[in-house]
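*Asks:* build me a model:
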Amino acid sequence: MTLAPVNSEVLRWARERAGVAQEDLAAKFKRLSQWEDGQTQPTLKQAEALARALHVPVGYLFLSEPPEETVPIPDFRTFAGHTVTRPSPNLLDTIYACQERQSWYRNFARVAGEPGLDFVGSASVNMSPETVATRMRESLGFDLAARRECPTWTDALRLFVRQTDEAGILVMVSGIVMSNTSRRLDPTEFRGFALCDLLAPLIFVNGRDSKAAQMFTLAHELAHVWLGASALSNLGAVPNSGFRREEVWCNAVAAELLVPLRALHSELQRNEPLADSLSRLTRIFKVSTLVILRRLLDAGWLTRERFDLAWAQENEQLKKQVRTSSDGGDFYRTTVARVGRRFARALVVSTLEGQTLYRDAFRMLGVKKTETFNNLGREAGVMG
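*Replies:* I've put the predicted structure just below:
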């Protein structure tokens, strides 16, 4: 029996990188603690199985020291005011998958002769958020009245995603890595990211977040597209200063896009208790209570002291709420949402025309069977 000369330090790094405790792997890898202490080594087969369990290339386990991994796009994430240094394998694999899809769609768009999108990179942080939000609303056909008529947050989010997709932006909403339901994305690590490109701008929204929070993330990443700046974010609707200028500006644009001050003023009622205002306004604008609080502060309706108290209380309430939505439901609708309708349609068409290998299409869609692929084509509106 040949043992694999893995580096015990790297092995321990790989497990910690994946956020997995030794106890969680004990049933399958009974000698894991001995491997990490350098007392013994696994066989090559065991090393390969461990690498799969930790979502790390098996070659990493043979390195002389743990590699330095960095996010491949500008990282604007913060936690308690500090930069987040270690990306999880789930985050990295999600970015890599989206980069592959974006690269494919860029080539598809070039061959199809699609024009570049003139709104990508059309704004700067020196422009007023109100001006940019107005332009975004016009480009997207973003109708506040239509959103108000949506019966649920889910319906409002679908409308927002569809409007963004029809404007030429690839929108992908998922709470898992590819189609692996055991690899759930953590919204406290990141809420979304934007990959900017004139032909194939892409926005990814963490589907593990609440629907109301996803609305704001999509609006925030849209602001990054208008800046023409790729970025990874987790800031949320917080209005505080002290963060990167781009993030503060994108938040201001997102807030104005979703809840224009003029529209907010027309809905305000004197002497209405704050709790009642929050409940009513969140239903009207289909955003979270945190976004409404932020806009009430912007409108001068709340003092900073009262805002800070209400913000802290709402944050505590949101932390107590159990995430009830799942990655279940209609499989084909969910899968199309994960990769984006625009991308799915283009990929299915290209594959049926013989321009893309089925193998590559299956990988990018996260499916394994031709029947599943065909059904996805029907869901995307390509096949009858």
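*Asks:* who does the helix or strand that contains C250 touch, helix- and strand-wise?
*Replies:* Assignment of secondary structure by DSSP states H and E places C250 within helix 245-258. Contacts defined by 3 or more C-beta pairs under 8 Å, 6 or more residues apart in numbering; DSSP states H and E place helix 245-258 against helix 129-140, helix 211-227, strand 231-233, helix 289-298. Just so you know, the C-beta spots here come from the backbone N, C-alpha and C atoms, and that holds for glycine as well.
*Asks:* hey, least reliable of these by pLDDT?
*Replies:* Confidence, taken as mean pLDDT, is least for strand 231-233 of those (a mean of 89).
*Asks:* can you give the distance of it from its chain's centre?
*Replies:* Centroid separation between strand 231-233 and its chain, computed with C-alpha atoms, centre = their mean, to the nearest Å, is 9 Å.
*Asks:* report all helices and strands that that strand contacts.
*Replies:* strand 192-195, helix 211-227, helix 245-258.
*Asks:* and the helices and strands packed on helix 245-258 as JSON lines, adding distance to A380 and mean neighbour count?
*Replies:* Shown next, in JSON lines, are the helices and strands packed on helix 245-258 (distance: least, C-beta to C-beta, whole Å; neighbours: other C-beta atoms under 10 Å):
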{"stretch": "helix 129-140", "distance to A380": "21", "mean neighbour count": "18"}
{"stretch": "helix 211-227", "distance to A380": "20", "mean neighbour count": "26"}
{"stretch": "strand 231-233", "distance to A380": "27", "mean neighbour count": "25"}
{"stretch": "helix 289-298", "distance to A380": "31", "mean neighbour count": "23"}
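*Asks:* can you pull out the strands in the protein?
*Replies:* Counting by DSSP state E, the chain has strands at residues 78-79, 82-83, 170-174, 176-177, 180-184, 192-195, 202-206, 231-233.
*Asks:* one step back: now render the helices and strands packed on strand 231-233 as a markdown table, adding distance to R270.
*Replies:* Below are those laid out as a markdown table (distance: least, C-beta to C-beta, whole Å):
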| stretch | distance to R270 |
| --- | --- |
| strand 192-195 | 37 |
| helix 211-227 | 26 |
| helix 245-258 | 23 |
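*Asks:* who touches T164 in this structure?
*Replies:* By C-beta atoms under 8 Å, 6 or more residues apart in numbering, the contact set of T164 is 140, 171, 203, 218, 222.
*Asks:* and the furthest pair within these?
*Replies:* The span of the contacts of T164, defined through C-beta to C-beta, is set by L140 and I203 at 12.0 Å.
*Asks:* okay, and the common contacts of the two?
*Replies:* 164, 222.
*Asks:* and the helices and strands packed on helix 245-258: which comes nearest S350?
*Replies:* Per C-beta to C-beta, nearest to S350 of those: helix 211-227, 23.8 Å.
*Asks:* can I get the closest one in PDB? Just the C-alpha atoms.
*Replies:* What follows is helix 211-227, C-alpha atoms only, in PDB (Å, rounded to 0.1, in the frame of the first residue of the first chain):
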ATOM      1  CA  LYS A 211     -36.000  38.200  -0.900                       C
ATOM      2  CA  ALA A 212     -36.100  41.800   0.400                       C
ATOM      3  CA  ALA A 213     -32.300  41.700   1.000                       C
ATOM      4  CA  GLN A 214     -31.800  40.300  -2.500                       C
ATOM      5  CA  MET A 215     -33.700  43.200  -4.000                       C
ATOM      6  CA  PHE A 216     -31.200  45.600  -2.400                       C
ATOM      7  CA  THR A 217     -28.200  43.500  -3.400                       C
ATOM      8  CA  LEU A 218     -29.300  43.400  -7.100                       C
ATOM      9  CA  ALA A 219     -29.800  47.200  -7.000                       C
ATOM     10  CA  HIS A 220     -26.300  47.600  -5.400                       C
ATOM     11  CA  GLU A 221     -24.600  45.500  -7.900                       C
ATOM     12  CA  LEU A 222     -26.400  47.300 -10.700                       C
ATOM     13  CA  ALA A 223     -24.700  50.500  -9.500                       C
ATOM     14  CA  HIS A 224     -21.400  48.700  -9.800                       C
ATOM     15  CA  VAL A 225     -22.300  47.900 -13.500                       C
ATOM     16  CA  TRP A 226     -23.000  51.600 -14.100                       C
ATOM     17  CA  LEU A 227     -19.600  52.400 -12.600                       C
END
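*Asks:* about what we covered before: of all the contacts of T164, which comes closest to P67?
*Replies:* I203 (28.8 Å).
*Asks:* OK, contacts around the nearest residue to H220 once chain neighbours are set aside?
*Replies:* Using C-beta to C-beta, 6 or more residues apart in numbering and skipping residues adjacent in sequence, the residue nearest H220 is A254, 4.3 Å away. Residues counted as contacts of A254 (C-beta under 8 Å, 6+ apart) are 216, 219-220, 222-223, 237.
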